[in-house]
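Visitor: fold the following and give me the result.
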Amino acid sequence: MKADLIFFNGLIHTVDRQNPQATAVAIRDGKFLAVGDDATVIQFTSDQTTCIDLKKKRVIPGLNDSHTHLIRGGLNYNLELRWDGVPSLADALRMLKEQVDRTPSPQWVRVVGGWTEFQFAERRLPTLDEINAIAPDTPVFILHLYDRAFLNRAALRAVGYTRDTPAPPGGQIQKDARGEPTGLILATPNALILYSTLAKGPKLSYEHQVNSTRHFMKELNRFGITSVIDAGGGFQNFPDDYRVIHDLHQNEQLTVRIAYNLFTQRPKQEYEDFEQWTKSVQLHQGDDLYRHNGAGEMLVFSAADFEDFVQPRPNLPETMEAELERVIRLLVEHRWPFRLHATYNESITRFLTVFEKVNRDIPFDGLPWIFDHAETIDERNIERVKALGGGIAIQSRMAFQGEYFTDRYGAEAARHTPPVKRMLDMGVPVGAGSDATRVSSYNPWVTLYWLSAGKTVGGLQIYNETTRLSRETALELYTRGSAWFSSEQDKKGMIKTGMLADLAVLDRDYFSVEEEEIKQIEAELTVLGGRIVYAKGDFSSFAPPSIPVLPDWSPTKRYNGYYSPAGQPVTLTPVSSAPQATSPAIHQCVGSCGVHGHQHDLARKSTVPVSNYTAFWGALGCSCFAF
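Guide: Residues are numbered from 1 along each chain as shown. Model (predicted):
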């Protein structure tokens, strides 16, 4: 049997403990045909085989985000200005101004998650005065985690918020001394006010939603992602909001494998939703590219303990147990896997009591189920999860909120939040993910940096040698570990003969780069089922045809998602008309720094005290902050 595609001369980390390293792989009919050294694999060559030299680059299995929101994110991706990875508030506001100038009425400019004030050199949030000065007439909505959103005056008019508008329970519309809305809305601590306000904005047409979703998948491919588990989401209705992804699958245009969970949308009618779905949707219906995965992450609204670490822990209502038990009984009776949003140990204790009660009457008996997040779960509850056969999907929310958590609960508590090593030591399945796009960024390398370096995106060291993971273990959670959460551990997560041929060729070696470089890793080549879905750099000749961005004014057309200095807008010089990257112009750089050259992003994130003008570096050495 001969191969369709062979990669050779690589540094392949297989995540297969029986065969951990290789230099070549052969692929046939979308699966790995052979994995080994060059001499072994090259024997599978025929005249029809495409052979690609990996040039000694690092290769890993395709990454699998065990908890994200691709379907909802795809519908909105082309509407959103992403601040993910932007190094300074000055840059972020400049991007906002440029997008405001490009956005036609009545459209909004939206910044929706994936960033934190601590990533900025200024270490602060934007002010409403700054936003209103930039956009006096165009509605602007800026979501910061799940704790607050900023609306300029035009956005307040668009959503109809006035002095008489009541806030929903668990939310706050901040008002000034005259009783008028300021434009700041707060989750106190329920996030309903945030995403219900966002839902009031204009939507893309169907054609543009299709285009938007394709670009979002390409953006995930950019970082080596080949699989996700979609955890549903607020205002993501089934089947209507799944039409785009369904049609892309039918047209063979998916570039990411998707297993989707169904998320109830109707408080107090959750049982009715799941009763209908268990009758009309067959468990795991679909194929290896697009398939059903069970219920959740919202099972009943009374069980939602949002992770706004700026606010005190919410107390769940006394009605929660009865409402949750009714739904869990239904799901176990129909043998539907389920997942449940669970941030705090106090909530988890109550949830597990419900699960154990149902299990006594209707044994789970190997039925997969999941706790999502589990930041403060304790050892006793980890034991209870294991006894019931559950798994825990963890995400990089602490990478974005670690500073807030530490301020509220202390550094010692933060050091074990979540206690991933303890979960692994106790034999509980663990999968890694992002919870993108409204809190954390979808960039998996931010999660891998957080797990292995033990730091937030703002540079706070929250984990030490006893609680952070090795790079190998962190990667395993984002590959083989995540496959368990869609019951596909026998199909993917490793580069192994017979498994789905998903892999990523990286632009730098994850296992040898400095810690801070982990966040900058991207894929040069991403392969899904033996099909090249993304390529650049040394492999750019293999890149699929480009896709135009719709609509023409979309932020995606100018900024392309996650921040990359090399990927910022290109302008023409008035003299030679040669392309010139605008990174120096963005920073108004009049000359290179004697220490860092033009690498301002590196300087901003350095521990060198350049802002202390009485010290050597500030007074004489580094000029990176003198833009």
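
Visitor: and the closest residue to V281 other than its chain neighbours, which helix or strand is it part of?
Guide: Nearest residue to V281 in three dimensions, chain neighbours excluded: H292, at 5.8 Å (Cβ to Cβ, 6 or more residues apart in numbering). Yep, even glycine has a C-beta here, placed from its N, CA and C like the rest. In this assignment (DSSP states H and E), H292 forms part of strand 290-295.

Visitor: picking that back up, I'd like the distance between the residue nearest to V281 and A342.
Guide: In this view, H292 and A342 are 22 Å apart by Cβ to Cβ, to the nearest Å.

Visitor: quick one: contacts for the closest residue to P267 other than its chain neighbours?
Guide: Residue nearest to P267 in three dimensions, not counting chain neighbours: F301, with 4.2 Å by Cβ to Cβ, 6+ apart. For F301, the contacting residues are 264, 267-268, 270, by Cβ atoms under 8 Å, 6 or more residues apart in numbering.

Visitor: among those residues, the buried ones, what's the ChimeraX command?
Guide: The ChimeraX selection below is limited to those of these classed as buried (16 or more other Cβ atoms under 10 Å):
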select :264,270
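
Visitor: helices - which of the contacts of F301 land there?
Guide: Counting by DSSP state H, these place E270 in helices.

Visitor: let me have the contacts of F301 in TSV, adding pLDDT and distance to I52 as columns.
Guide: Below are the contacts of F301 laid out as TSV (pLDDT from 0 to 100; distance: Cβ to Cβ, whole Å):
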residue	pLDDT	distance to I52
T264	96	46
P267	93	52
K268	95	55
E270	97	49
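
Visitor: redo the contacts of F301 as TSV? Include distance to V109.
Guide: Output for the contacts of F301, formatted as TSV (distance: Cβ to Cβ, whole Å):
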residue	distance to V109
T264	31
P267	31
K268	35
E270	34
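
Visitor: ok, of the contacts of F301, which one's closest to N315?
Guide: Nearest to N315 out of those is P267 (Cβ to Cβ; 17.3 Å).

Visitor: before we move on, back to that, so the residue nearest to V281 touches L283, yeah?
Guide: Yes - with contacts counted by Cβ atoms under 8 Å, H292 reaches L283, the gap being 6.4 Å.

Visitor: show me where the stretch 1-150 of the chain has its strands.
Guide: In the stretch 1-150 of the chain, strands defined by DSSP state E, counting those that start in this stretch lie at 5-8, 11-13, 21-22, 24-28, 31-36, 50-53, 58-61, 63-68, 109-112, 140-144, 148-151, listed in chain order.

Visitor: out of those, flag the one nearest I521.
Guide: Nearest of these (Cβ to Cβ): strand 58-61, 9.1 Å.

Visitor: start to end distance for stretch 190-201?
Guide: 20 Å (Cα to Cα, to the nearest Å).

Visitor: can you tell me the element the residue nearest the centre of the chain falls in?
Guide: The residue lying closest to the centre of the chain (Cα atoms, centre = their mean) is Y442, at 2.5 Å. Y442 belongs to no helix or strand when assigned by DSSP H and E.

Visitor: quick one: contacts for it?
Guide: Shown in contact with Y442 (Cβ under 8 Å, 6+ apart): 65, 68, 73, 84, 114, 219-220, 223, 225, 434, 436, 562.

Visitor: tell me the backbone dihedrals of it, please.
Guide: Note on Y442: backbone dihedrals following degrees, to the nearest 10 are phi -80, psi -10.

Visitor: and it, how far from D65?
Guide: Per Cβ to Cβ, Y442 is found 7 Å from D65.

Visitor: and for H284?
Guide: To D65, H284 is 19 Å away according to Cβ to Cβ.

Visitor: neighbour count winner among those two?
Guide: D65 (31 against 16; other Cβ atoms under 10 Å).

Visitor: which ones are touching that one?
Guide: 220, 225, 227-229, 432-434, 436, 442, 444, 478, 482.

Visitor: what sits against K421?
Guide: 466-467, 469.

Visitor: let's go with 10 Å and repeat that
Guide: Counting by Cβ atoms under 10 Å, 6 or more residues apart in numbering, K421 touches 430, 463, 466-469, 473.

Visitor: tell me which element it falls in.
Guide: Using DSSP H and E, K421 falls within helix 420-425.

Visitor: now I382
Guide: I382 belongs to helix 379-387 when assigned by DSSP H and E.

Visitor: would you mark the buried spots in that helix?
Guide: Using 16+ other Cβ under 10 Å as the test for burial, helix 379-387 gives 381-382, 384-386.

Visitor: what lies in contact with it?
Guide: 342, 345-346, 348-349, 351-353, 355-356, 359, 364, 369-371, 374, 377-378, 390-392, 416, 419, 422-423, 425-429.

Visitor: could you tell me which of these belong to strands?
Guide: 342, 369-371, 391-392 (DSSP state E).

Visitor: need the per-residue pLDDT for the residue nearest to R243 when sequence neighbours are not counted.
Guide: Nearest residue to R243, sequence neighbours excluded (Cβ to Cβ, 6+ apart): Y206, at 7.7 Å. With respect to pLDDT, Y206 has a value of 98.

Visitor: swap in Q588?
Guide: On the pLDDT scale, Q588 gets 35.

Visitor: and M320, by the same measure?
Guide: 98.

Visitor: tell me which residues touch it, please.
Guide: Contacts of M320 (Cβ under 10 Å, 6+ apart): 300-305, 347, 350-351, 354.

Visitor: mind redoing it with 7 Å?
Guide: By Cβ atoms under 7 Å, 6 or more residues apart in numbering, the contact list for M320 reads 300, 302-303, 350.

Visitor: and if you look at G179?
Guide: By Cβ under 7 Å, 6+ apart, the residues touching G179 are R163.

Visitor: let me know the secondary structure of it.
Guide: Per DSSP: H, G, I helix; E, B strand; the rest coil, the local secondary structure of G179 is coil.

Visitor: quick check: phi and psi at it.
Guide: phi 90, psi 10.

Visitor: how about G433?
Guide: Dihedral angles for G433 - degrees, to the nearest 10 - are phi -170, psi -160.

Visitor: tabulate the ones in strands among the contacts of helix 379-387 (a markdown table), appending pLDDT and distance to S541.
Guide: Converted to a markdown table, the ones in strands among the contacts of helix 379-387 look like this (pLDDT from 0 to 100; distance: Cβ to Cβ, whole Å):
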| residue | pLDDT | distance to S541 |
| --- | --- | --- |
| A342 | 97 | 47 |
| W369 | 98 | 46 |
| I370 | 98 | 41 |
| F371 | 98 | 45 |
| G391 | 98 | 41 |
| I392 | 98 | 42 |
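
Visitor: and those, which two are furthest apart?
Guide: Spatial extent of the ones in strands among the contacts of helix 379-387 (Cβ to Cβ) is set by the pair A342 and G391 at 12.2 Å.

Visitor: more neighbours: the two, which one.
Guide: Relative neighbour count places A342 above the other of A342 and G391, with 28 against 23, counting by other Cβ under 10 Å.

Visitor: what bridges to the more buried one?
Guide: For A342, the beta-bridge partners are H373 (DSSP bridges).
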